[in-house]
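J.: okay, here's the prediction I keep looking at, along with the sequence it came from:
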Amino acid sequence: MMQITDSYNQKNSLFNAMNRFIGAVNNMDQTVMVPSLLRDVPLEEEKDVNPVRTASNGSTTYFQDGDMYGDYVLLKSIRNDIEWGVVQLEERRKEKLGVNALETTRVEPDDEDLEKLFHFHLNGLHAVLSKLTRKANTLTNRYKQEIGIGGCGL
């Protein structure tokens, strides 16, 4: 009984969620041979997800502003941040702005709140990674449909 619980918890671990996301983006990257074909292709969200926004006339729309190319670039960027870290990115931004690392200050939460804060962010990160993984898989499948290889069960 303990092994079943452990394997269930491992399946839902942050590490596995990151690996699923990275795998989905790698699959997307290997499938999308000509990323420029994604330009101007609207983002169609699956009908079983929450609507993205409500149009000015009150109707619900499942489209986001932008195109599949923008999501492709975003997903690859997030994958790179996970694999290589965001510290380097923050340091580069500060260098461009001329901000010295010693000049920046961080507000540290109280020690009593650290566990709650950690669980809050862990749950949020897990949820975001799951949505990004679905988005990468959807983009891969849409690309296959656009170039005519959809439905071949790859």
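T.: Received the coordinates, thanks. Residues are numbered from 1 along each chain as shown.

J.: point out where the protein drops to low pLDDT.
T.: Where the chain drops to pLDDT under 70, the residues are 1-9, 45-65, 87-112, 150-154.

J.: the helices in it, which residues?
T.: 2-11, 14-31, 68-84, 87-97, 114-147 (DSSP state H).

J.: ok, which of those helices comes nearest Arg39?
T.: Set against Arg39 and scored by Cβ to Cβ, the helices of the chain come closest in helix 68-84, at 4.5 Å. Backbone N, C-alpha and C define where each C-beta goes, glycine included.

J.: what residues of the closest one count as buried?
T.: 68-69, 71-72, 75-76, 78-79, 82 (16 or more other Cβ atoms under 10 Å).

J.: between those, which sits nearest Phe15?
T.: Using Cβ to Cβ, these come closest to Phe15 at Ile82, 10.9 Å.

J.: what is the burial count for the residue nearest to the closest one when sequence neighbours are not counted?
T.: Distances taken as Cβ to Cβ, 6 or more residues apart in numbering put Met18 closest to Ile82, at 5.8 Å, once the chain neighbours are dropped. When neighbours are defined as other Cβ atoms under 10 Å, Met18 has 17 of them.

J.: tell me how far Met18 lies from Asn137.
T.: Here the criterion is Cβ to Cβ, to the nearest Å. By it, Met18 lies 15 Å from Asn137.

J.: again with Gln30
T.: 13 Å.

J.: and the two? Which one has more around it.
T.: Remark: of Gln30 and Asn137, Asn137 carries more neighbours, 17 against 9, as counted by other Cβ under 10 Å.

J.: what's the burial count for the closest residue to the more buried one other than its chain neighbours?
T.: Beyond its immediate neighbours in the sequence, the residue positioned closest to Asn137 (Cβ to Cβ, 6+ apart) is Ala24, lying 5.2 Å away. For Ala24, the count of nearby residues is 22 (other Cβ under 10 Å).

J.: quick revisit: in CSV: the helices of the chain, plus distance to Leu38.
T.: Output for these, formatted as CSV (distance: least, Cβ to Cβ, whole Å):
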stretch, distance to Leu38
helix 2-11, 31
helix 14-31, 10
helix 68-84, 4
helix 87-97, 24
helix 114-147, 7
